[in-house]
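Participant: Kindly generate the corresponding structure for this input.
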Amino acid sequence: MLHAKNLTKNYSGHPALQELNLTINEGEIFALLGQNGAGKTTTINLFLGFIAPSSGSASINGITVSENALETKKHIAYLPETVMLYPNLSGIENLEFFSSLAGFRYTTEQLSNFLTKTGLQKTAYHKMVGGYSKGMRQKVGIAIAIAKKAKALLLDEPTSGLDPKASNEFSLILKELAANGTAILMATHDIFRAKEVAHRIGIMKEGKMVSTMQSKDITANELEELYLQTV
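Facilitator: Predicted coordinates:
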């Protein structure tokens, strides 16, 4: 579903990403670990088509992003660290608006069902998003991804600033999405969450993927030790 082949990005001769080769299949969660500047966000931005590669390619569902960015956007949803919603609209109004931009029209009952799947409390559906916590905004973002029928989900530091309960709820939602076939690429600093939720984990340093592993093959303590040794 997500594929990078020798994907490279340079800024004024400085390599932000160096010959990344990565494949993420349907139903798989891949976590990218690394310090700031390691290349995690650059990787996500290349898949989103926000920036153009210097060489190599990123593709989504077999479509090369740099050649047909608009078409690839039909297959993906993106959750940045801070989900951008309209604060003067309610959660269900934001969901209706953003799903309509993607060409979908849903009844109020269907929109409510999407929000229910994310665990957002029903009392919040019709409240202004300006009063939402970060965790609540993320749930609306996930609902938008579900409503768009996104085949791939790209996440940049999704658990940053969440309390343990909200972070655990978010992990459960990601696992359910993956179980239903969504491919998920998650950039994070959260070693524990990466181990807990991802099928595979990659550690990046200075624009290179220096280590990849199956999460089931390593403990959280071993992952932390490897991460610290790497960075």
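Participant: Partner strands of the host helix or strand of residue 154 and their direction?
Facilitator: Per DSSP states H and E: residue 154 is located in strand 152-156. When sheet partners are counted by DSSP bridges, strand 152-156 sits next to strand 76-79 (parallel), strand 183-188 (parallel).
Participant: Out of those, which one sits most buried?
Facilitator: Greatest average neighbour count among these goes to strand 183-188 (a mean of 25), per mean count of other Cβ atoms under 10 Å. Where you see a C-beta, it was placed from the backbone N, CA and C, and this is true even at glycine.
Participant: Quick one: residues in contact with the next helix or strand after that one.
Facilitator: Of the helices and strands lying after strand 183-188 in sequence (DSSP H and E), the nearest is helix 191-197. For helix 191-197, the surrounding residues in contact (Cβ atoms under 8 Å, 6 or more residues apart in numbering) are 29, 31, 33, 159, 167, 171, 174-175, 186, 188, 201, 215, 218-220, 223-224, 227.
Participant: and residue 9, which of the strands paired with strand 152-156 is closest to it?
Facilitator: When the strands paired with strand 152-156 are compared by Cβ to Cβ, strand 183-188 sits nearest residue 9, at 14.6 Å.
Participant: In the protein, what residue spans correspond to strands?
Facilitator: 2-11, 14-24, 29-33, 55-60, 63-64, 76-79, 152-156, 183-188, 200-205, 208-214 (DSSP state E).
Participant: List the residues that contact the most centrally placed residue in the chain.
Facilitator: The centroid of the chain falls nearest to residue 155 when counting by Cα atoms, centre = their mean (1.9 Å). Shown in contact with residue 155 (Cβ under 8 Å, 6+ apart): 44, 78, 79, 174, 184, 185, 186, 187, 188.
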